[in-house]
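I'd like to go over a predicted model; first the sequence, then the structure.
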Amino acid sequence: MDRVRVLIADDHSLFAEALEAILGTDPRFEIVALANDGRAAVDLAGAHRPDVVLMDISMPMLDGFAATKEVRELAPETSVLMLTGSNARGDVDKARKSGAAGYMTKDRIAGELIDAILEVASR
């Protein structure tokens, strides 16, 4: 597989920029765009056709669940990995129903993010 093309969708710009910095140091990844709301995530996914979208659940304009559903309809080849502060069972189920390939809480990102992205990108 070539480099994994990633779109980061999170309304907290410092968090999104930190993800961009982490992934930008790894030659296996290419950051194609940053979105700060769900509508922008859908539009940018359509324009860039990333391999993986890192999608926050709670965002303005369109929440992560609705944005994930639209991304999957628009670009079915794109996998979505939900990133959130919540580990509520209902959110996990809702993420799966919206078409997310994976779900990760933000407190686990440091040690597990890269492996999770590579896993969902290979689906």
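That came through, no problem. Residues are numbered from 1 along each chain as shown.

may I have the secondary structure class of the most centrally placed residue in the chain?
Most central in the chain under Cα atoms, centre = their mean is Leu54, positioned 1.3 Å from the mean C-alpha point. Under the three-state scheme (DSSP: H, G, I helix; E, B strand; the rest coil), Leu54 adopts strand.

may I see the buried residues of stretch 106-122?
By neighbour count with 16 or more other Cβ atoms under 10 Å, stretch 106-122 contains the buried residues 106, 109, 113-114, 116-118, 120-121. Any C-beta I mention is one placed from the backbone N, CA and C, and that applies to glycine too.

pull stretch 37-52 out as PDB, backbone CA atoms only.
Output of stretch 37-52 as PDB, limited to C-alpha atoms (Å, rounded to 0.1, in the frame of the first residue of the first chain):
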ATOM      1  CA  ASP A  37     -16.900  20.900  11.300                       C
ATOM      2  CA  GLY A  38     -18.900  17.900  10.000                       C
ATOM      3  CA  ARG A  39     -20.100  19.600   6.800                       C
ATOM      4  CA  ALA A  40     -16.500  20.500   5.800                       C
ATOM      5  CA  ALA A  41     -15.500  16.900   6.600                       C
ATOM      6  CA  VAL A  42     -18.000  15.600   4.100                       C
ATOM      7  CA  ASP A  43     -17.100  18.200   1.400                       C
ATOM      8  CA  LEU A  44     -13.300  17.600   1.900                       C
ATOM      9  CA  ALA A  45     -13.800  13.800   1.800                       C
ATOM     10  CA  GLY A  46     -15.600  14.200  -1.500                       C
ATOM     11  CA  ALA A  47     -12.900  16.400  -2.900                       C
ATOM     12  CA  HIS A  48      -9.800  14.500  -1.700                       C
ATOM     13  CA  ARG A  49     -11.100  10.900  -1.400                       C
ATOM     14  CA  PRO A  50      -8.900  10.000   1.600                       C
ATOM     15  CA  ASP A  51      -8.200   6.500   2.600                       C
ATOM     16  CA  VAL A  52      -9.200   7.300   6.200                       C
END
